[in-house]
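[1] Okay, predicted coordinates and the sequence, questions at the end:
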Amino acid sequence: MTNSSVLDIRDLTVAYHQDGQWLNAVHDVSLKIHAGETYGLVGESGSGKTTLVLAAMRYLGSGGSIRSGEIHLGDIDLMSLTEEELRQVWGRKIAFVPQNPQSSLNPSLRVGEQLVESINPQGELSPREAEKQALEWCAKVNLPDPERMAESYPHQISGGMQQRLLIAMALSTDPDLLILDEPTTNLDVTTQVVILDLLNDLIRENEAGVLYVTHNLGVIAQICDRVGVMYASEVVEEAPTHNLFSQPLHPYTQGLIDSIPQLGDTRESIQLRAISGQIPSIGKSPSGCVFRDRCPVAIEICSTRPPLYQVGESRTSRCHRWEEIVNSEIDIHQPSPGRKPTQSGDQDGPLTLETNDLSIHFPIRRSLNEVFSRQPSKSVKAVNQVDLGISPASTVGLVGESGSGKTTLARGIMGLEKKSDGSIELLQIPLPEKLFQRDLETLRLMQIVFQNPHEALNPYLPIGETLQRPLIRLAGLSNEEADIKVRELLELVRLSADYAGRLPSQLSGGEIQRVALARAFAANPELLILDEPISSLDVSVQAAILNLVNELQSDHHNSMLFISHDLSIVGYLADQIVVIYLGSLMEITGPEVLFQPPHHPYTEALLSAIPQADPNIKSSPIHLAGEIPNPADLPSGCPFHTRCPRYLGEICATTTPPWQVDQKTGKRIFCHIPLEELVANQIQIDISSAAKP
Amino acid sequence: MTSFPETNSIETGAAPSRWRRLSLVVRKLYSKPVTAIGTTITVIFILIAIFGPLIAPYGENEILASEARQPPSIDHWFGTDNLGRDVFSRVVLGAREILVLAGVGTILAVISGTIFGLLTGYRGGWFDEITMRTFDSLLALPALLLALLLLGTVGQSKYSILIVIIIVYTPIVARVVRSVVLAIKPQGFVEAARLGGESQSRILFREILPSVLPTLSVESALRFSYAIFLVASLGFLGVGVQPPSPNWGLMVKEARVYAGLVPWALFFPALAISLVVIGVNLMADGVKRIIGSQGQG
């Protein structure tokens, strides 16, 4: 029986040596992967999943060590192998695809050579044969123009292509076990879906066991057969994918599923359930059940360490109360109704923010040669002729992939980037172009929360002072009044008052984003811009921030521009969704009609590409051809025409499309294709039944 | 009863107090033997500079005519020079002048360099271009050559040495500060301060300066050691400080002529110069390492 497993890990404990003691990064983990099976390992950052994967290959760095346990790769006992024997296993029996393709490719070798190297490590094949196979692999992973590709250096190809290349390198040795560590995390959804489909196809062909590590439940649902959920260095639950999503048997798993909005969820339909607290740092897990102090249903028995309960044939759970969960005696999934539809989005009053024909271009410095040869000066056209309106007390969600110009647009509105053309009006008053020309009142009216929590707060100023400044400067309070208000602000974002004396280095990422939110709300702005405020946070703390944003807005009636790359989050939060591609708006729609045709072809591709956390939905994603064009060299006509799957012909490449308004749904679509034709050809996107309105 | 309630209250304080932080720095400086040596040397020299008149058995220009050219002995630890002055006393009393000149010069240079660095880094544009190109052209000349040129123009006195140190080191400090400012400026908290309508001086000195301080403190310590060397070198070349001042460089210069007769009069001032420069350098190195390890935390 054991022979059928490709990887068999038993009671593995891995620890790192730090300050004279051993801290467990992986504690007592057992897992088994069979041939042809895709095993998903899901967990947040710091849960120990990468350590587990490295230990499974016996490829730990110098600080880490396997303290106990067994690892079998098929019939091979990995623990008994010497360095030299291990090297024979790596690359041949086990192949590894890392998270960051850039750093895994040698920047000074052509990619073809690197591929040949992995196909032919010992030189058994003739160079010509190896080269031929390399080109075949390029074709297999759908790399366009393999000959040219093989001649390129890693920096000349995009991240998606690099990742495909690494997959080709990994599979070319015909491994028994393929390990993928967050292979699509750094990629855009439209690129991710191509990689996932490719993996699905190749895995079916190869009969290898696959260990797929990710924090994205959607990806798990779409490609894995069995899932292990990892939390604070333990695997807390293991189940076939289907069962895991239909009935999780560990409160943490349920928490993870409930804490991210699914495509189709809206804030009116459901309130996200945040897991309180944060993931313990390595070596700081509570005794007993590791999830105890964040668990909504923890009881006395939870202070003893739960064994790995076997549930039925194929499931395990490390929760003392799993039986009660199975019998629905306790409910770990308490769907709370969303907030009642407020007056938000009332279209009556004057717009809070309005941009007309806003363009932001960054000039590229010409070389001396270009100056002499009189070449025209070029510029990166980050934002092009954007007309955006935000009504009072409503939320506009701006969604786009990386490089679409969404952050530049936000910075342009705030005055941090110089606009090249067009106008920005705040409460119908045109905004001065430069930041220093804006008076304090104008500054008070608009505030922003930045994406990166690590640089959001001054590391040398206590939180209290950071929060005081806008109160004194913009709201005109005295020092004493500001002191009192600081406490109120901290309370508003659910932090205790003693945070005022702390330094940012003593706060977690989620707490810092709360403080940044408090700072932005301090002077009660009319317009709040949130630039990907949760994208660098752990999944389990994202929900808390989203809920907080929601609540603050419904209490304070600010207008909000919420920027994200994730359509499900924007769909959840926004009253109006704006899709941006290559600096131009593509579609403006309400969240309730998001899934109804007509769609802009780009929106359609985006929607279909999102991996949904529901294994019952087998989506048929639309693959976009090629890469996002260089914004210094914009395509003529419709900016999307180079990749559009519904390309009409000449007209798309030559003429700027019109804004068409759909009478039934109120959608505005920037496309040449007549709306009736779009409706006729597009199908309703399938969304999770739970999320259906 | 070995625990003190005071320590408890300090432990629970949100941000560590100044004194605790200082004692932490001192403890870290002494955790590596090389740095410990450097720090000890520096501290000893500073003590000598402060308490020199109490330590020195003779006056700096007290001539003991009958005891000229004595080798080191119990009475004269470092011997006496060609004129019969006690070398030990002169080395001890010379510490104050050289450390004060180099120290004050460094402080002034660091202040002006910091202001220039903050302004050029934060404002950019033409102001930055012009200032930095001017500094570049100053940096193109070797420090000693520039110092000689300047002393030739502003005249020779202690104050002109100060001016020389400021002019020679301001560009270097400004460059270092500017590079840090350029890295800090685009960060969210600085932009938030700009969007919060903060004044430029508050942004420069309260938001940006604290992030510059770690780098600046290392640079200051290094500049200090170079300034000591510069003052000594100028003394040796006979510009700036004039005889009979007990400047170490000047003492080396005077004793050089009689090197065969009174080698000790040449050796000990030279040793003092090397020791203090090495000491300060080693300490600067230690400071750099402490800050490096904190930067990661």
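    Perfect, thanks for sending it.
[2] Now do the contacts for the residue in the stretch 51-200 of chain A that chain B sits nearest to.
    With distances taken as C-beta to the nearest C-beta, the stretch 51-200 of chain A approaches chain B most closely at residue A:63, which sits 14.4 Å away. For every residue, glycine as well, the C-beta is placed using N, CA and C. With contacts taken as C-beta atoms under 8 Å, 6 or more residues apart in numbering or on different chains, residue A:63 has the following neighbours: A:16, A:17, A:18.
[3] Out of the residues you listed, which comes closest to chain B?
    Here the nearest of the contacts of residue A:63 to chain B, counting by C-beta to the nearest C-beta, is residue A:18; it sits at 12.8 Å.
[4] Surely that closest one and residue A:283 touch.
    Yes - Residue A:18 is in contact with residue A:283 according to C-beta atoms under 8 Å; the separation is 7.4 Å.
[5] Name the residue in the two with the higher neighbour count.
    It is residue A:283, of residue A:18 and residue A:283, that has more neighbours when counted by other C-beta atoms under 10 Å in any protein chain shown, with 16 against 11.
[6] quick one: contacts for the closest residue to the more buried one other than its chain neighbours?
    Spatially, and ignoring its direct neighbours in sequence, residue A:283 is nearest to residue A:23 (3.2 Å; C-beta to C-beta, 6 or more residues apart in numbering or on different chains). Listed by C-beta under 8 Å, 6+ apart, the contact partners of residue A:23 are A:15, A:16, A:17, A:282, A:283.
[7] In this structure the third one contacts residue A:62, no?
    Spelled out, that is residue A:17. No - under the contact definition of C-beta under 8 Å, residue A:17 does not touch residue A:62, with a separation of 9.2 Å.
[8] Looking at those two, which is more packed in?
    Comparing residue A:17 with residue A:62 by other C-beta under 10 Å, the one with more neighbours is residue A:17, at 12 against 7.
[9] can you confirm the more buried one is in a strand?
    Yes - counting by DSSP: H, G, I helix; E, B strand; the rest coil, residue A:17 is found in a strand.
[10] How about it: which residues does it bridge to?
    Under DSSP bridges, the beta-bridge partners of residue A:17 are residue A:22.
[11] ok, it - contacts?
    Going by C-beta under 8 Å, 6+ apart, residue A:17 touches A:23, A:63, A:64, A:65.
[12] what's the answer for residue A:607, then?
    Listed by C-beta under 8 Å, 6+ apart, the contact partners of residue A:607 are A:263, A:567, A:594, A:595, A:599, A:685.
[13] Next, check the contacts of residue A:17 against the helices and list the overlap.
    When DSSP state H is applied, those are split such that none fall in helices.
[14] Return the residues of the stretch 51-200 of chain A in contact with chain B.
    Proximity of the stretch 51-200 of chain A to chain B is assessed by C-beta under 8 Å from any C-beta of the partner chain, with no residue identified as in range.
[15] Output the below-cut-off pLDDT ranges for the chain.
    In the absence of a named chain, this looks at chain A. Low-confidence segments of chain A (pLDDT under 70): A:1-3, A:333-348, A:688-693.
[16] other chain: chain B
    B:1-17, B:292-297.
[17] returning to what we had before: nearest to chain B among the contacts of residue A:607?
    Distance ranking of the contacts of residue A:607 against chain B, using C-beta to the nearest C-beta, places residue A:567 first at 25.1 Å.
[18] Surely that closest one and residue A:606 touch.
    Yes - with contact taken as C-beta under 8 Å, residue A:567 and residue A:606 are classed as touching, separated by 5.7 Å.
[19] The two: which is more packed in?
    More neighbours surround residue A:606 than the other of residue A:567 and residue A:606, with 27 against 22 (other C-beta under 10 Å).
[20] For the residue nearest to residue A:283, give its distance to chain B.
    Computed as C-beta to the nearest C-beta, to the nearest Å, the residue A:23 to chain B distance reads 16 Å.
[21] can you list the residues of the stretch 451-600 of chain A near chain B?
    For the stretch 451-600 of chain A, the residues found near chain B under the criterion C-beta under 8 Å from any C-beta are A:452, A:455-462, A:466, A:469-470, A:473-474, A:498, A:501-503, A:505-506, A:516, A:519.
[22] switch to 7 Å and redo it
    A:452, A:455-460, A:462, A:469-470, A:473-474, A:498, A:501-503, A:519 (C-beta under 7 Å from any C-beta of the partner chain).
[23] Buried among those? Make that a ChimeraX selection.
    Here is the ChimeraX selection string for the buried members of these, based on 16 or more other C-beta atoms under 10 Å in any protein chain shown:
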select /A:452,455,456,457,458,460,462,469,470,473,474,502,503,519
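[24] mind listing the strands for chain B?
    With DSSP state E as the criterion, chain B has no strands.
[25] okay, now residue 286: neighbour count?
    If you meant another chain, say so; for now it's chain A. So residue A:286, with other C-beta under 10 Å, has 15 neighbours.
[26] Hmm, no, I was thinking of chain B.
    24.
[27] Quick check: phi and psi at the residue of chain A most remote from its centre.
    Relative to the centre of chain A, the most outlying C-alpha is that of residue A:372, 45.4 Å out, by C-alpha atoms, centre = their mean. Residue A:372 adopts backbone torsions of phi -70, psi -40, taken as degrees, to the nearest 10.
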